[in-house]
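K.L.:
3D, please:
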Amino acid sequence: MKKVAVIGMGIDRGTLTLEALDAINNAEVLSGAPRMLEMVEDLYRTDRDAAKRVYPHYLSKDITAMIETEYADSFAVLVSGDVGFYSAASGLAEVLTAYELRFIPGISTVSAFFARLKLPWQDAAFVSAHGRETNLVDCVRRNRLTFCLTGNNVSGIGTDLAQAGLGNVQTYAGENLGMAQEHVYKTSVEDLTHYQAPSLTVLLFQNEEFDDRMPFGLPDDSFTRLAGIPMTKSEIRAITLSKLNLRPTDICWDIGAGTGSVTVEMALNAYKGRVYAVERREDAIPLIQQNCTSFHLGNVTAVCGEAPAALDAFPAPDAVFIGGSGGEIDGIISIVLMKNPMARIVVTAVTLETVPAAMAALAKAGLEPEIVQINAARSKKAGGVHLIEAQNPVTIISAGGRP
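P.N.:
From the prediction side, this is the model:
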């Protein structure tokens, strides 16, 4: 059986391990990106290794084809960094199952950068913005240390974090690690927004005010309010979130978002997912965005529009809160279940008319609702005593969801 060693090259020739050097020396065939091959050129440009075949292949399909057609028993495939950190090695493991495969770890950018900073990294979070969508804002909000592969988008990363109210977070940048042009320095998120960094740049965010809570029922005074724009109150929010039963990766809809209080709590709980907030009042959209910024959220899209028409462009939801339907509860529930028949739906009703309309819409879809009516009361100071002041009763209707 052909033997294939996938070798993590570290950040430069100086971080190549003895095990890796041995595998390269003993391989009959060597392949990797041109930059990787240049790092070990002296090992195969010798009389002793004149017979070693070398190919500038780094894509899985090209490497597979090479191994299949080459008359050789031992191969070495060079990949950057460490084989276990956002590496091409994972793709090779999937396609090279017919061979005797060995992974040889290298010194990753992570360990090299933290060593430069003289910091431990066992408690850090790790994110790559290189060719993938990621919620970096929430990662920085929830963690004291967040390491980021930037994907040549340093200024865009800085802008996203600054817009979420994280502009003052202390930041370390590492440019061209392991190369002659290496530069490691301290900066801030705000400074990144207008900086054109080299493509090989990594970042470390140190947020000493990180907040990883997943709250239900935040105090009402946590939110900025505007007269005339409704807000779901704390006690109702707490029960609503418990009925939604969110998971971190959920896609959520908040229909009739108002002030955005439920939007915020959805986003805090579905921190690896995304929240789409719909509100018909144009002046409520900046308010929702302001409240999201106050909680350093980067996973919310607020849209001014009427439901159900405004919902067409949204991805299929896992959880939906309907706090205001504009009399279109039947159409809203229909489009929710059309996009995802297993979506969890929670409706709050403050009018008598909304309750039977919601029940009829759910019954038409074959769903049996759970109905809870909440009669909350709050204390109010009157002179030297406290009185209990009743709030408007709210009916909470919930149905559907994952088994």
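K.L.:
pLDDT score assigned to the residue nearest the centre of the chain?
P.N.:
Centroid check for the chain by C-alpha atoms, centre = their mean gives Asn135 as the closest residue, at 3.2 Å. We have a pLDDT of 83 for Asn135.
K.L.:
The closest residue to it other than its chain neighbours and Met66: what is the separation?
P.N.:
Nearest residue to Asn135 in three dimensions, chain neighbours excluded: Asn299, at 5.0 Å (C-beta to C-beta, 6 or more residues apart in numbering). Any C-beta I mention is one placed from the backbone N, CA and C, and that applies to glycine too. Distance of Asn299 to Met66, computed by C-beta to C-beta, to the nearest Å: 42 Å.
K.L.:
Neighbour count: those two, which is higher?
P.N.:
Asn299 (21 against 17; other C-beta atoms under 10 Å).
K.L.:
Might one say that the more buried one is in contact with Leu268?
P.N.:
No - contact criterion C-beta atoms under 8 Å: Asn299 and Leu268 do not qualify, at 9.4 Å.
K.L.:
Could you check the pLDDT of the nearest residue to Leu149 once chain neighbours are set aside?
P.N.:
Nearest non-adjacent residue to Leu149, counting by C-beta to C-beta, 6+ apart: Ser128, 4.2 Å away. Predicted confidence (pLDDT) at Ser128: the value is 88.
K.L.:
For Ser128, give its distance to Ser294.
P.N.:
For Ser128, the distance to Ser294 equals 28 Å [C-beta to C-beta].
K.L.:
Then Leu37?
P.N.:
Note on Leu37: its distance to Ser294, by C-beta to C-beta, is 51 Å.
K.L.:
can you check Leu287 too?
P.N.:
Distance from Leu287 to Ser294, by C-beta to C-beta: 11 Å.
K.L.:
Compare the two (neighbour count), which wins?
P.N.:
Using other C-beta under 10 Å, the more surrounded residue of Leu287 and Ser294 is Leu287, with 22 against 15.
K.L.:
Shouldn't that one be within a strand?
P.N.:
No - assignment of Leu287 by DSSP: H, G, I helix; E, B strand; the rest coil gives helix, placing it outside any strand.
K.L.:
Surely it is in contact with Pro230?
P.N.:
No - judged on C-beta under 8 Å, Leu287 makes no contact with Pro230 at a distance of 11.2 Å.
K.L.:
show me where pLDDT drops low in this structure?
P.N.:
Residue ranges of the chain with pLDDT under 70: 45-50, 131-132, 403.
K.L.:
Show me how it divides into domains.
P.N.:
Split into domains by automatic domain parsing, the chain comes to 3-107, 110-206, 220-400.
K.L.:
Mind putting those domains into a markdown table with distance to Arg213?
P.N.:
Formatted as a markdown table, those follow (distance: least, C-beta to C-beta, whole Å):
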| stretch | distance to Arg213 |
| --- | --- |
| domain 3-107 | 29 |
| domain 110-206 | 9 |
| domain 220-400 | 7 |
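K.L.:
quick one: Val189 from Phe295, how far?
P.N.:
Where Phe295 is concerned, Val189 sits at a distance of 17 Å (C-beta to C-beta).
K.L.:
now the helices for the stretch 51-200 of the chain?
P.N.:
For the stretch 51-200 of the chain, applying DSSP state H, counting those that start in this stretch gives helices covering 60-69, 89-95, 109-117, 136-142, 154-163, 189-192.
K.L.:
Ok, the stretch 251-400 of the chain next?
P.N.:
261-269, 284-294, 329-339, 354-364.
K.L.:
Among the ones you listed, which comes closest to Leu96?
P.N.:
Nearest to Leu96 among those is helix 329-339; the distance by C-beta to C-beta comes to 38.8 Å.
K.L.:
Next, the angle from that closest one to helix 354-364.
P.N.:
30 degrees (axes from the mean of the first three to the mean of the last three C-alpha atoms, to 10 degrees).
K.L.:
Next, the buried residues of helix 329-339.
P.N.:
For helix 329-339, a neighbour-count test (16 or more other C-beta atoms under 10 Å) marks Ile329, Asp330, Gly331, Ile332, Ile333, Ile335, Val336, Leu337, Lys339 as buried.
K.L.:
Tell me the helices and strands packed up against that helix.
P.N.:
strand 319-322, strand 344-349, helix 354-364 (3 or more C-beta pairs under 8 Å, 6 or more residues apart in numbering; DSSP states H and E).
K.L.:
what does the shortest one rub up against?
P.N.:
Where contact means C-beta atoms under 8 Å, 6 or more residues apart in numbering, the residues beyond strand 319-322 that reach it are 240, 244-246, 250-256, 262, 266, 270, 329, 332-333, 336, 343-348, 358, 401.
K.L.:
Need the residues touching each of Leu287 and Ser294.
P.N.:
With C-beta under 8 Å, 6+ apart as the test, Leu287 and Ser294 both reach Thr224.
K.L.:
Measure how buried the residue lying closest to His130 once chain neighbours are set aside is and give me the count.
P.N.:
Once flanking residues are discounted, His130 sits nearest to Gly151: 3.5 Å by C-beta to C-beta, 6+ apart. Gly151 is flanked by 16 other residues according to other C-beta under 10 Å.
K.L.:
do Gly366 as well
P.N.:
Neighbour count for Gly366, taken as other C-beta under 10 Å: 10.
K.L.:
Let me see the contact set for Ala88.
P.N.:
Residues in contact with Ala88 (C-beta under 8 Å, 6+ apart) are Tyr58, Ser60, Val79, Ser80.
K.L.:
Tell me how far it lies from Met359.
P.N.:
As defined by C-beta to C-beta, Ala88 lies at a distance of 54 Å from Met359.
K.L.:
Cheers, nothing more for now.
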